[in-house]
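[1] Next input, structure requested:
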Amino acid sequence: MTRIVKNAETVAVSVVTTLAVAVLVFLFVTGVLNPQSFAMGCLVVMGISSTIWYVLLKRGSKHADGFEITIEPRHQSSNKTKHVKVAVILLWLVASFWITRGGPWPPRLIGASVVVLFLIGTMLQKQKRT
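    Residues are numbered from 1 along each chain as shown. Predicted coordinates:
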């Protein structure tokens, strides 16, 4: 039951973040927001969603008895691999925004949403036990 709730929470955070950025893009395209306001709005949305993700992931990493899950030394290398994957996906996101600068916003927003979904999938990926 708790796993279903956690999955629903993570999906909800992803959907709300995507919708908030989509609303900011719509307001920017229609001329309601200037570039500075748009950038500040995006930073606020990403900061809030990052904080919520941190809380959700931190809460999910504890056992029912309150003790933290310990990682065995043999699994630390796979954990490093996961960190490298996350870093590469984030660099991919930044590079894609840089390469497509000046282009229309809707395709850029859709592409960024897909990359963020890949990022979330990579972050939530369970480690293989060998």
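[2] Can you tell me the element residue 101 falls in?
    Counting by DSSP states H and E, there is no helix or strand that carries residue 101.
[3] what's around it, how many residues?
    For residue 101, the count of nearby residues is 8 (other C-beta atoms under 10 Å). For every residue, glycine as well, the C-beta is placed using N, CA and C.
[4] Could you report the distance from it to residue 123?
    According to C-beta to C-beta, to the nearest Å, residue 101 stands 26 Å off from residue 123.
[5] Check residue 82 too.
    Following C-beta to C-beta, the distance that separates residue 82 from residue 123 is 8 Å.
[6] In the chain, spot the helix with the most residues.
    helix 2-29 (DSSP state H).
[7] Okay, now the unreliable bits of the chain?
    1-6, 60-78, 127-130 (pLDDT under 70).
[8] Apply 50 and report the result again.
    Within the chain, the ranges that satisfy pLDDT under 50 run 1-2, 5, 130.
[9] all helices for it, in order.
    Going by DSSP H, the chain shows helices at 2-29, 35-60, 76-99, 105-124.
[10] Determine the set of other helices and strands touching the third one.
    This points to helix 76-99. Using 3 or more C-beta pairs under 8 Å, 6 or more residues apart in numbering; DSSP states H and E, the elements in contact with helix 76-99 are helix 105-124.
[11] Look at residue 104 and say how many residues are nearby.
    Using other C-beta under 10 Å, residue 104 has 9 neighbouring residues.
[12] Dihedrals phi and psi, it?
    Main-chain dihedrals, residue 104, degrees, to the nearest 10: phi -70, psi 140.
[13] same deal with residue 32?
    Here residue 32 shows phi and psi, under degrees, to the nearest 10, equal to phi -70, psi -40.
[14] count of residues packed around it?
    By other C-beta under 10 Å, 11 other residues sit near residue 32.
[15] before we move on, what about residue 55?
    Neighbour tally, residue 55, other C-beta under 10 Å: 12.
[16] For residue 83, see how far away it is.
    20 Å.
[17] How about residue 119?
    To residue 83, residue 119 is 12 Å away according to C-beta to C-beta.
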